[in-house]
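*Asks:* Build me a model from this:
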Amino acid sequence: MLAVASAALLAFLVSACGGGEEQNTVQPSAVSQEDLTRLPDATTYGDLADAPLDPGAAPTGQVLHPKKDLVVYKAVNGEPFAKLPTRQMGSPTWVPVIATQGEWAQVLLPTRPNGASGWIHAGDSDVESARNNFVVNVNREAFELEITEDGKSLGKWTIGIGKDEHPTPEGRAYIIASIEETVNDYSPIVLPLSFHSDSHETFGGGPGTVGIHTWPDDSFVGQANSDGCIRVTQEALDELVKLPLGTVVNIV
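*Replies:* Sure, this is the predicted structure:
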């Protein structure tokens with residue numbers, strides 16, 4: 001566990017289906033600017049208790065960047081429950097798509113609870129779209145992190161994970177930002193994930209965001225001695241920082 005402060009950021013812990021033609025043309029119900037303002041932000045600071053959870057569908061390899069604050073719905077044109085901002089922790093917001101239906105996309109969200117998801121209208125005027133075929137696989141039992149592209153391994157490294165009382169959470173997360181560290185000296189860059197600690201509601205004044213970072217020495221390698229973060233070697237971090245935002249991180 002560690003406290004991270006960068007500029008005006010925060011201290012944080014460092015852890016479909018198809019449809020018919022009618023469905024494909026469903027447009028979102030109008031939401032007034034006043035109502036949009038009232039919706040909670042889907043960010044690492046948020047807790048969207050009513051958000052649909054990740055259904056576990058295979059990732060599509062598509063990532064989206066909102067061009068404006070977008071309404072997040074519980075289903076296609078369903079109940080609005082949040083808004084997705086254009087930036088997260090000083091970085092552009094990029095979210096992985098896990099299902100599509102016409103111009104609608106179900107995306108993973110960076111909030112509590114872990115695995116939160118929602119539907120956004122993903123028309124050309126709403127989002128920028130890109131392909132991201134990179135995946136990071138973390139095996140806690142083996143203390144191993146692997147980067148793949150199109151299923152092909154690009155490298156494996158031995159890592160450190162959370163201790164028993166503050167475990168690294170399991171599930172499908174993704175990289176939400178890349179922060180150049182300016183306060184602490186344990187890691188030149190920190191990669192916060194969309195997941196949060198299950199044992200720390202807050203840490204250092206932040207929301208308990210789990211992340212990937214290095215450590216001043218190699219004592220962490222093959223050990224469960226963090227407060228939920230994933231500790232990696234500098235060599236691994238050098239490769240991880242090359243990955244696009246929105247890259248899926250599978251933690252098993």
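*Asks:* what ranges do the helices span in the protein?
*Replies:* 21-24, 33-38, 234-240 (DSSP state H).
*Asks:* quick one, which of the ones you listed is packed in tightest?
*Replies:* Comparing the helices of the chain by mean neighbour count (mean count of other Cβ atoms under 10 Å), helix 234-240 comes out on top with a mean of 17. The C-beta positions use only the backbone N, C-alpha and C, and glycine is treated the same way.
*Asks:* Now do that one: which elements does it pack against?
*Replies:* Contacts defined by 3 or more Cβ pairs under 8 Å, 6 or more residues apart in numbering; DSSP states H and E place helix 234-240 against strand 144-149, strand 152-158, strand 189-196, strand 209-213.
*Asks:* which regions of the chain lie under the pLDDT threshold?
*Replies:* Scanning the chain for pLDDT under 70 picks out the ranges 1-25, 199-205.
*Asks:* quick one: the residue positioned nearest the centre of it and Q234, what's the gap?
*Replies:* For the chain, the residue nearest the mean C-alpha position is S194 (2.9 Å; Cα atoms, centre = their mean). Distance check for S194 against Q234: by Cβ to Cβ, to the nearest Å, it reads 24 Å.
*Asks:* And V135, by the same measure?
*Replies:* For V135 relative to Q234 (Cβ to Cβ), the value is 22 Å.
*Asks:* Domain-wise, how is the chain divided?
*Replies:* Following automatic domain parsing, the chain resolves into domains at 21-131, 134-251.
*Asks:* My guess is D227 contacts I161. True?
*Replies:* No - checked against Cβ atoms under 8 Å, the pair D227 and I161 is beyond contact range at 10.4 Å.
*Asks:* the more surrounded of those two?
*Replies:* Higher neighbour count among D227 and I161: I161, with 25 against 21, using other Cβ atoms under 10 Å.
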